[in-house]
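A.B. asks: Mind folding the following:
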Amino acid sequence: MAGALAAAFALVLSAPAQSSLPATAVPLDSLAAFKAPAANWQLAASLGGDPRTEKQLTALAGTGVLVNNPTAEAKGDLFTSWEHGDLELDLDFLLTPGSNSGVYLMGRYEVQLFDSWGVTDPKFGDCGGIYQRWDPARGAGHEGYEGVPPRANASRAPGLWQHLRIEFRAPRFDAAGRKTANARFVKVVLNGFVIHEDVEVTGPTRGTAFTAEAPLGPLRIQGDHGSVALRALACKLFDPAAPPVRLESLTYKLYGAGPGDGFDPKPKSEGPIAALTLRDFEKAGRFNAVFNGTLVVPRDGTYALATEGRPGRVFIDDQPAVQSGSETVPLRLAAGPHAFRLDYVHAGWGRPNLRLTVEGPGLAPQLLSPETRPASAEARPRQLLIEPTADRVRLQRGFVPFDPKKRLYAINVGTPTSLHYAYDTETGAILRVWRGGFLDTFEMWDGRGENQFAKPTGPALTLPNQPVLALLERPAQDWPDQPDAMRSSQGYRLEPDGLPVFSFKLSSLSATDRIAPTPASHGFTRTLVVTGKTTSWESWVLLAEAAHITPQPGGRGYIIGDREYYLDLPAGSAVQPVLRTRNGHQQLAVPINGATLDKPIVYTLVW
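C.D. replies: Numbering: from 1, shown residues only. Take a look at the predicted model:
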């Protein structure tokens, strides 16, 4: 058994793990981080104009944002003055209509940045795609090969900030300079949605700055195809030659569960164990376990340990490294051995599971524990997908994962146009909107599920969850974050195409709420109608809340937050919202009075 566990442990050490330590920001108060930037690149504090419709970006004086406006005379790419191998990269980018750029890892391997908003079947040249390689020797029509499209189109509309995260592994070379392993995109995440995992590239992609591969290279941003803005550029550079963190001399004590989640006073068994695993205890019902050993770190610096699965407490040299609730506490450690202890509590429902990762100075996140899930579980399907039919809307009740707590009275609405949303019947809030696939209900039905979540399978935009209709005692009152005790859901009716129209009451007011995809599938149009009798308190409908809400040029509507999405108003709208500022944030709301009672309140969400 010890040999098998040791082999399994060696295998999982190479598995990628999630980062815990913060990345290092690339300063954008000057262009010093870049080599001889061309005149098409400049610094700005923010953007003016209307990048939703204008192809050129308007740079406002200041620093913090990189702006590229290529011209016939100036259209150079941007190269960092530093080089990298393995790294994690985060950045925000903004594109104008039809714009085209790209991020080249090591100056050689491109992740495409492109205005792909609205594309239903993305290709390698769309936003987030890993661009193809190119070889004229393959013959006309066959020069391009190995391009990888994103799993789904996670792009946002032009003029909105988007976030890209890349986890990259550089190619490997032996002492003679011969390549021993190809470059690999471990993970690429666009706007919170995983679009690539474990994608290998056999050589530089088309447009590379260097035809030969090497252990290191600069980060490169394409600047010759269209306007693009960048900000929040941050990275972690890893040393692939650094020795790994090790766990040694591990022992365990297995306890039966005491009252609550307490420990029995005497262990049921104890002894040495080859690796940090729960595999031997999976059939023990409710149990508690304590692991002790030695953590050996290869260099001085700050280390962060993190647990996944059920929470476990971790102590290094008797100092908490992971607290109850899986909160990581980074610790400054000297190179060498340190006392290690992990406490684990298993309540007896679901599979016991534990993943422990560590990250340190120049050390990529590393898995310290073998997978505890039995191998037979891996053959079982990990998804249970449902989709609307070609001509019919689909409604699915289910718990919706939502921060800070899951929503228990929610309903997911999937449409044939591949636009979907989740609705909270307690508050009348749209929880999230998304495109692409509808729902994965695996966690709802697998053994009745621990979380019983219905999860979107397409890229989603999450919205606040305040009640859509509220009674405010006085004008200065902030918006409530909980539904009023006098509010009650009245269910919903279905229209001929299957779209639901929700109904609810608040005191002497009644409301209907219709949310429908726009004809061009650009977003959702919401129509709220409030009827009944107003009270002595002020009655309001909330359209949006954010730190900043900015009118769009031309009176089209509003930009919500830090260019997170658009809220469009119909031309000549009879109902005009007002901006309320409360406690440092803004609320776009419509007062319900004689001018708005019984009138449709209509707006469209575009993202």
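
A.B. asks: Rounded mean pLDDT for the strand or helix carrying residue 586, please.
C.D. replies: Taking DSSP states H and E as the criterion, residue 586 maps to strand 585-592. Averaged over strand 585-592, pLDDT sits at 96.

A.B. asks: Which residues belonging to stretch 351-366 are considered buried?
C.D. replies: Buried residues in stretch 351-366, defined by neighbour count with 16 or more other CB atoms under 10 Å: 352, 354-366. C-betas here are computed from N, CA, C, even on glycine.

A.B. asks: who's the closest residue to residue 59 other than its chain neighbours bridged to?
C.D. replies: Leaving aside its sequence neighbours, residue 59 sits nearest to residue 44 (CB to CB, 6 or more residues apart in numbering; 3.6 Å). Here residue 44 shows beta-bridge partners residue 65, assigned using DSSP bridges.

A.B. asks: Go through the buried residues of stretch 351-366 and flag which are in strands.
C.D. replies: 354-360, 363-366 (DSSP state E).

A.B. asks: Which of these sits closest to residue 492?
C.D. replies: Using CB to CB, residue 355 comes nearest to residue 492 of those, at 40.8 Å.

A.B. asks: Just give me the neighbour total for the nearest residue to that closest one once chain neighbours are set aside.
C.D. replies: Distance criterion CB to CB, 6+ apart; nearest residue to residue 355, sequence neighbours excluded, is residue 308 at 4.0 Å. Residue 308: 16 surrounding residues under other CB atoms under 10 Å.

A.B. asks: Quick one: list the elements packing against the helix or strand hosting residue 308.
C.D. replies: In this assignment (DSSP H and E), residue 308 forms part of strand 301-309. Contact partners of strand 301-309 among helices and strands, from 3 or more CB pairs under 8 Å, 6 or more residues apart in numbering; DSSP states H and E: strand 312-316, strand 319-323, strand 327-328, strand 331-333, strand 354-360.

A.B. asks: Identify each buried residue in it, please.
C.D. replies: Neighbour-count burial for strand 301-309, counted by 16+ other CB under 10 Å, picks out 301, 303-309.

A.B. asks: out of these, what pair is the most spread apart?
C.D. replies: Within these, 301 and 309 form the most distant pair, 26.5 Å apart (CB to CB).

A.B. asks: Look through every helix and strand of this protein and give the one with the lowest mean pLDDT.
C.D. replies: Taking mean pLDDT, DSSP states H and E as the measure, the chain has helix 2-12 as its least confident helix or strand, at a mean of 31.

A.B. asks: any idea which helix or strand comes after that one?
C.D. replies: Per DSSP H and E, the first helix or strand lying C-terminal to helix 2-12 is strand 24-25.

A.B. asks: and the residue nearest to residue 59, how many neighbours?
C.D. replies: Neighbour count for residue 44, taken as other CB under 10 Å: 20.

A.B. asks: any idea of the pLDDT on it?
C.D. replies: 98.

A.B. asks: separation between it and residue 505?
C.D. replies: Between residue 44 and residue 505 the distance is 49 Å, computed by CB to CB, to the nearest Å.

A.B. asks: ok, now residue 62?
C.D. replies: Distance from residue 62 to residue 505, by CB to CB: 49 Å.

A.B. asks: For the two, indicate the residue with more neighbours.
C.D. replies: Per other CB under 10 Å, whichever of residue 62 and residue 505 has more neighbours is residue 505, with 15 against 11.

A.B. asks: wait, that one sits on residue 484?
C.D. replies: No. With contact defined as CB atoms under 8 Å, residue 505 does not count as touching residue 484 (10.2 Å).

A.B. asks: Closest to the centroid, which residue in this structure?
C.D. replies: A centroid search over the chain (CA atoms, centre = their mean) returns residue 192, at 2.2 Å, as the residue closest to the centre.

A.B. asks: quick one: contacts for it?
C.D. replies: Shown in contact with residue 192 (CB atoms under 8 Å, 6 or more residues apart in numbering): 154, 163, 459-460.

A.B. asks: okay, among the buried residues of stretch 351-366, which ones form the most distant pair?
C.D. replies: 352 and 362 (33.2 Å).

A.B. asks: Please report how far the residue lying closest to residue 224 once chain neighbours are set aside lies from residue 151.
C.D. replies: Nearest non-adjacent residue to residue 224, counting by CB to CB, 6+ apart: residue 75, 3.9 Å away. Residue 75 sits 31 Å away from residue 151, going by CB to CB.

A.B. asks: circling back: with distance to residue 219 as added columns, please give the ones in strands among the buried residues of stretch 351-366 in TSV.
C.D. replies: Formatted as TSV, these follow (distance: CB to CB, whole Å):
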residue	distance to residue 219
354	36
355	30
356	31
357	25
358	26
359	21
360	23
363	20
364	17
365	20
366	24
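
A.B. asks: with those residues in mind, which one is nearest to residue 415?
C.D. replies: For these, the nearest to residue 415 is residue 355 (36.8 Å; CB to CB).
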